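Asker: Next comes the sequence, and after it the predicted model I'd like to discuss.
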Amino acid sequence: MSNERGVLAACIADRTAFDRIADHVQDGDLTEQAALVLRAVREYYDRDAAATRVDPEILSREIARGIANPKHQQVFTSMVTDIAGMDVSPSNVVHDFISIRRDAVGARLSVALATGADDEVVRKLIVEYENWCDAETLADEEEMVVKGASVRELVADHFTDAGLIRMLPSSLNERLDGGMRRGHHVVVFARPEVGKTLFVINLMSGFLRDGHTVLYVGNEDPLPDIVMRVITRLTGMSSDEVRADPDKADELARQVGYDNLILASLCPGTPREIEALVLEYKPDIVVVDQLRNLHVHEDNRVIQLEKSATALRNLGKRHNLLVVSVTQAGDSASGKGVLDMGDVDFSNTGIPAQADLMVGLGMSQQDEAAGRRVISLSKNKRTGRHDFFPVHLDQRFNRIRSMG
């Protein structure tokens, strides 16, 4: 690494810089001496979770304790003193570190494409490049710090009813005291064929009618099928009626917000690709169907789902969006009406940790026969209500109605 002293100086001066850099340092990046110093910095921060920077004198003594030769002890003491005394900008060091890594991977990717490398090699390089692009976005992200803020301004900016996004059906919205706010992450989960996509289509119809711009990212069902289902929900026309009179359907749909819907099909898609769409279309709400199909750089299924959920939650916070994610419920949810967080497939801890609202769709045999589903609010940071209630499913018009 060409600037290893600057990297060490940034890690010593600022824990945030260390957190953003340390896990990306690979074998061979640092000289043996620098690697030993970074290891000691890591141990320092591990011992004190509240430490925001490293005390160079304590660091020098800690390193010296592990070295028998006094001359070598002096070498490291001088090295730490010199590095700690460097005048560096931790944020710019992080940016430079990530940019160098991203450009290096980009160059390898260009060579692989130009030489016709194996598809798997190219795919891995693409994923690695996207991960470095994500890391750069996070490195450049500004943190929000509030001290002594005006309560009047806080309420006006963040807690008025005008800032709420209505959530259909009405029985759900009532339990959310009028809706959800931007920057929050909603996770919808259910077993296959229970109605997850129908639920979000019903949600989107409300968003569009209320004048919001919605980005729907699908990676499971064919996009034309989704478009037809959205049209039937917006117009109240069956698919047969839409096919018989498409001009009428087009006119009715546009009257209630269809022009504000952007639909994208990704196969399977990455958080970075979704963010690129957000930057291009600037939606108010993003719907991702499904979370489990997103590609992130992780082979472990549990960690993969948690990473995907984390990326989407950060996306919502970064761009002040409401994000709605769809994922599967596990076998434990089969035949159940009321679902809880433990029913989320493969990630009954990781995904819930990244959600502000979790909506489980349950269905017993009796519910299926009656055309009902049960909505369970297994997590609800909005109002704290964790109850469950039945709704009626109208599959012909992709509509969900409250009951009672």
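Answerer: Done, it's in.

Asker: mind listing the helices for the stretch 1-150 of the chain?
Answerer: Here the stretch 1-150 of the chain has its helices, by DSSP state H, counting those that start in this stretch, at 4-13, 15-21, 32-47, 56-65, 70-84, 90-114, 119-140.

Asker: Give me the residues contacting the longest strand along the chain.
Answerer: In the chain, taking DSSP state E as the definition, the longest strand is strand 372-380. Residues outside strand 372-380 that contact it (Cβ atoms under 8 Å, 6 or more residues apart in numbering) are 171-172, 175-176, 194-195, 337-341, 343, 352, 355-364, 366-367, 385-393, 400, 403. The way it works is simple: take the backbone N, C-alpha and C, and place the C-beta from them, glycine included.

Asker: now do stretch 212-219
Answerer: The contact list for stretch 212-219 (Cβ under 8 Å, 6+ apart) reads 165, 200, 204, 207-208, 226, 230, 257, 260-269, 274, 277-278, 281-290, 293-294.

Asker: Just those: which are in helices?
Answerer: Secondary structure defined by DSSP state H assigns 200, 204, 207-208, 226, 230, 274, 277-278, 281 of these to helices.

Asker: if I pick the residue nearest to Leu30 when sequence neighbours are not counted, what's in contact with it?
Answerer: Closest residue to Leu30 apart from its sequence neighbours, by Cβ to Cβ, 6 or more residues apart in numbering: Glu4 at 5.3 Å. Residues near Glu4 by Cβ under 8 Å, 6+ apart: 29-31, 34.

Asker: Run a quick neighbour tally on Asp289.
Answerer: For Asp289, the neighbour count with other Cβ atoms under 10 Å is 22.

Asker: Tell me how far it lies from His392.
Answerer: For Asp289, the distance to His392 (Cβ to Cβ, to the nearest Å) stands at 22 Å.

Asker: any low-confidence regions in the chain?
Answerer: For the chain, the stretches flagged by pLDDT under 70 are 1-2, 131, 134-147, 155, 157-159, 297, 404.

Asker: Pop the domain breakdown of it in here.
Answerer: With domains defined by automatic domain parsing, the chain comprises 4-140, 158-402.

Asker: looking at the ones you listed, which is buried most?
Answerer: domain 158-402 (a mean of 19; mean count of other Cβ atoms under 10 Å).

Asker: Can you tell me the element the most centrally placed residue in the chain falls in?
Answerer: Centroid-nearest residue in the chain, with Cα atoms, centre = their mean: Leu312, separated by 1.5 Å. Leu312 is part of helix 301-319 when elements are defined by DSSP states H and E.

Asker: Show me what that helix is packed up against.
Answerer: Here helix 301-319 touches helix 119-140, strand 185-190, helix 271-281, strand 285-289, strand 322-328, helix 350-353, going by 3 or more Cβ pairs under 8 Å, 6 or more residues apart in numbering; DSSP states H and E.

Asker: and the gap between the closest residue in space to Glu130 that isn't next to it in sequence and Arg292?
Answerer: Leaving aside its sequence neighbours, Glu130 sits nearest to Arg272 (Cβ to Cβ, 6+ apart; 4.4 Å). Between Arg272 and Arg292 the computed distance is 17 Å (Cβ to Cβ).

Asker: one step back: in CSV, list the domains of the chain along with distance to Ala149.
Answerer: Putting the domains of the chain into CSV (distance: least, Cβ to Cβ, whole Å) gives the following:
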stretch, distance to Ala149
domain 4-140, 22
domain 158-402, 10
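
Asker: Among the ones you listed, single out whichever gets nearest to Gly148.
Answerer: With Cβ to Cβ as the criterion, Gly148 lies closest to domain 158-402 of the domains of the chain, at 16.0 Å.

Asker: Figure out how far that closest one is from the centre of its chain.
Answerer: 14 Å (Cα atoms, centre = their mean, to the nearest Å).

Asker: Can you give me the first-to-last residue distance of stretch 346-366?
Answerer: For stretch 346-366, the first-to-last residue distance is 27 Å (Cα to Cα, to the nearest Å).

Asker: and if you look at stretch 238-255?
Answerer: With Cα to Cα as the measure, the ends of stretch 238-255 fall 17 Å from one another.

Asker: List the contacts of it.
Answerer: By Cβ under 8 Å, 6+ apart, the residues outside stretch 238-255 that reach it are 228, 230-232, 234-237, 258, 396-397.

Asker: Which one of those is nearest to Leu322?
Answerer: Taking those together and measuring to Leu322 by Cβ to Cβ, the closest member is Val230, at 17.8 Å.

Asker: rewinding a little: the residue nearest to the centre of the chain is in contact with Leu291, isn't it?
Answerer: Yes: the criterion here is Cβ atoms under 8 Å, and Leu312 meets it with Leu291 at 7.1 Å.
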